[in-house]
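Q: Coordinates for the following, if possible.
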Amino acid sequence: MTTGIRVKLSAMMFLEFFIWGAWFVTLGAFLDKTLHATGVQAGSVFSTQSWGAIIAPFVIGLIADRYFNAEKILGILHIAGAILMYQMYKAPDVAGFYPYVLGYMVLYMPTLALVNSVSFNQMTDPEKEFSSIRVWGTIGWILAGLAISYLFHWDSQNGIAQGFLRNTFLMAGIASLVLGLFSFTLPNTPPKVAKGEKVSVSQVLGLDALKLLKDKNFAVFFVASILICIPLAFYYQNAGAFLADIKVDNPTGKMTIGQGSEVLFLLCLPIFFKKFGFKKTILVGMLAWAVRYAMFAYGNAGELSFLLIIGIALHGVCYDFFFVSGQIYTDSKAGIQYKSAAQGMITLATYGVGMLIGFYIAGLISDSYNSPAGHDWKMIWLIPAGIAAVVFILFVLFFKDQKDNVAINEPAPNN
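A: All right, here's what the predicted structure looks like:
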């Protein structure tokens, strides 16, 4: 790979995740404080990510892999996304906001696979080369959060009161337009499927890998992956609104600690994985979800603020030790025949079905513990902590450690 191509791919990854981090982290606070959305309404907005994840395989498998170059589709989707971002910026209420965010997520979620396709097409050894490219995505996400908190102060108490959180959509829209135009300069990435070659819907969605569920251990892991996405949805939907509500200074900037910890714990994952095996590794990830939410329940913006910081920093353990190790485990169980299908099935089950259920439950809980006096954040966080603890216990009881020979390929972190 030439230096010029490496720079282009790194810039592509930076912008791809800068866009997402520029608005998604503050979305909960924006819905609560600016659009005055109920918990159920907020859950519906956040669930658009799940609908996007469910629809994305059709876009990639039935269009991108068959008819058009990946970089050209990437450009078109991001230019269209910039237009929708501007409409989200202008939306006066939740009813006006929802159609645009749904449309945007349907367009954005496929781009996560497209940037990977463009990158892999230029690599001779993806296992060694991809991480150094993908890490720029995490840097982009972090810098977006730092800009919101420390450069523009949109998430300060004064900024929120004046409605400045709305500007995050304008920033994301500009970045989306830049990436859309820039995409047409990216390396040529032709369709993967030859013309005339038939691809079934079950192949596109990874449903061929359902045969893996005959393995009891994999079936237990599969169900646990869906269930653990319920507490995960609470974090995405409520964390930003929670920190803003209890008046934590620069909440968006502080939440970037979570992305930094992803990189750190990803480096620790191979060591932990090889020493303790899959079951103990994934159990640590599950337990971390329960612990972090308990910290959120009892932390505050004053003398117990350290609990909030530790809870945010645990994001690396929560994500890497469960989801990344789960991807590795899935890859090892699938074998050559079902590698891609199995990963597609897990993604559809977690970010699609699991998160869809999670956002709905998170919205109901938020409304149940909301009153004229404000949110009862202690209960809002203790409930997902309890759910994570139950999933932990079920996994201990039903997953039998067979000392599977699982190889570590050190995948890049995801947000």
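Q: Tell me how many other residues crowd the residue nearest to Ser183 when sequence neighbours are not counted.
A: The shortest distance from Ser183 to any residue other than its chain neighbours is 3.4 Å, reached at Gly75 (Cβ to Cβ, 6 or more residues apart in numbering). For every residue, glycine as well, the C-beta is placed using N, CA and C. Neighbour count for Gly75, taken as other Cβ atoms under 10 Å: 21.
Q: same thing with the one 4 residues further on?
A: Summarising burial for Ile79: neighbours were counted as other Cβ under 10 Å, giving 18.
Q: give me every residue that touches it.
A: If you count contacts by Cβ atoms under 8 Å, 6 or more residues apart in numbering, Ile79 has them with Ser176, Leu177, Gly180, Leu181.
Q: picking that back up, show me the contacts for the residue nearest to Ser183.
A: Leu179, Gly180, Leu181, Phe182, Ser183, Phe184.
Q: and the helix or strand hosting the second one, what does it pack onto?
A: Which is Gly180. Assigned by DSSP states H and E, Gly180 belongs to helix 167-183. Applying 3 or more Cβ pairs under 8 Å, 6 or more residues apart in numbering; DSSP states H and E, we find helix 167-183 packed against helix 3-23, helix 70-90.
Q: If we use 10 Å, what do you get?
A: Counting contacts by 3 or more Cβ pairs under 10 Å, 6 or more residues apart in numbering; DSSP states H and E, helix 167-183 packs against helix 3-23, helix 27-29, helix 70-90, helix 94-120, helix 126-146.
Q: circling back to that earlier point, for the residue nearest to Ser183, give its distance to Phe184.
A: Separation of Gly75 from Phe184 (Cβ to Cβ, to the nearest Å) stands at 5 Å.
Q: And Gly358, by the same measure?
A: From Gly358 over to Phe184 the distance is 37 Å, taken as Cβ to Cβ.
Q: Comparing these two, which shows the higher neighbour count?
A: The residue with more neighbours, out of Gly358 and Phe184, is Gly358; 29 against 13, by other Cβ under 10 Å.
Q: check contacts around Ile312.
A: 235, 239, 243, 251, 254-261, 292, 295-296, 299 (Cβ atoms under 10 Å, 6 or more residues apart in numbering).
Q: Swap in 8 Å and give it another go.
A: So Ile312 contacts Ala239, Lys254, Met255, Ile257, Gly258, Ser261, Arg292 (Cβ under 8 Å, 6+ apart).
Q: Could you measure from it over to Phe169?
A: Noted for Ile312: a distance of 24 Å to Phe169, by Cβ to Cβ.
Q: For the stretch 301-415 of the chain, which segments are assigned as helices?
A: 305-313, 315-319, 325-347, 355-368, 377-398 (DSSP state H, counting those that start in this stretch).
Q: The ones you listed: lowest mean pLDDT?
A: For the helices of the stretch 301-415 of the chain, mean pLDDT drops lowest on helix 325-347, to a mean of 77.
Q: hey, which helix or strand in this structure has the poorest pLDDT?
A: helix 201-204 (a mean of 65; mean pLDDT, DSSP states H and E).
Q: Tell me which helix or strand comes right after it.
A: helix 216-245.
Q: Could you list the buried residues of that next one?
A: Within helix 216-245, the residues that count as buried by 16 or more other Cβ atoms under 10 Å are 217-218, 220-245.
Q: Quick check: mean pLDDT of that helix?
A: 94.
Q: which secondary structure elements does the helix or strand just after it contact?
A: Sequence order places helix 251-298 as the next helix or strand after helix 216-245, per DSSP H and E. Using 3+ Cβ pairs under 8 Å, 6+ apart, the elements in contact with helix 251-298 are helix 126-146, helix 216-245, helix 305-313, helix 315-319, helix 325-347, helix 377-398.
Q: Who are the contact partners of Gly173?
A: Contacts of Gly173 by Cβ under 8 Å, 6+ apart are Gly81, Ala82, Ile83, Met85, Tyr86, Met88, Tyr89.
Q: pLDDT weak spots in this structure?
A: 60-62, 64-65, 127, 192-208, 335-340, 402-415 (pLDDT under 70).
Q: so what are the domain limits for it?
A: Per automatic domain parsing, the structural domains of the chain span 1-188, 205-410.
Q: how far out from the middle of the chain is stretch 285-301?
A: 19 Å (Cα atoms, centre = their mean, to the nearest Å).
Q: meant to ask about stretch 377-397, not that
A: Put simply, stretch 377-397 sits 20 Å off its chain's centre (Cα atoms, centre = their mean).
Q: could I get it in CSV with only the CA atoms?
A: In CSV, the C-alpha atoms belonging to stretch 377-397 read as follows (Å, rounded to 0.1, in the frame of the first residue of the first chain):
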residue,chain,number,x,y,z
TRP,A,377,-31.6,8.1,37.4
LYS,A,378,-30.7,5.7,40.2
MET,A,379,-33.5,3.3,39.2
ILE,A,380,-33.0,3.9,35.5
TRP,A,381,-29.4,2.6,35.8
LEU,A,382,-30.0,-0.1,38.4
ILE,A,383,-32.5,-1.9,36.1
PRO,A,384,-30.0,-2.5,33.2
ALA,A,385,-27.3,-3.4,35.8
GLY,A,386,-29.7,-6.1,37.0
ILE,A,387,-30.4,-7.3,33.5
ALA,A,388,-26.6,-7.6,32.8
ALA,A,389,-26.2,-9.5,36.1
VAL,A,390,-28.9,-11.9,35.1
VAL,A,391,-27.3,-12.5,31.7
PHE,A,392,-24.0,-13.1,33.5
ILE,A,393,-25.5,-15.7,35.7
LEU,A,394,-27.3,-17.5,32.8
PHE,A,395,-24.1,-17.6,30.8
VAL,A,396,-22.2,-19.1,33.8
LEU,A,397,-24.8,-21.8,34.2
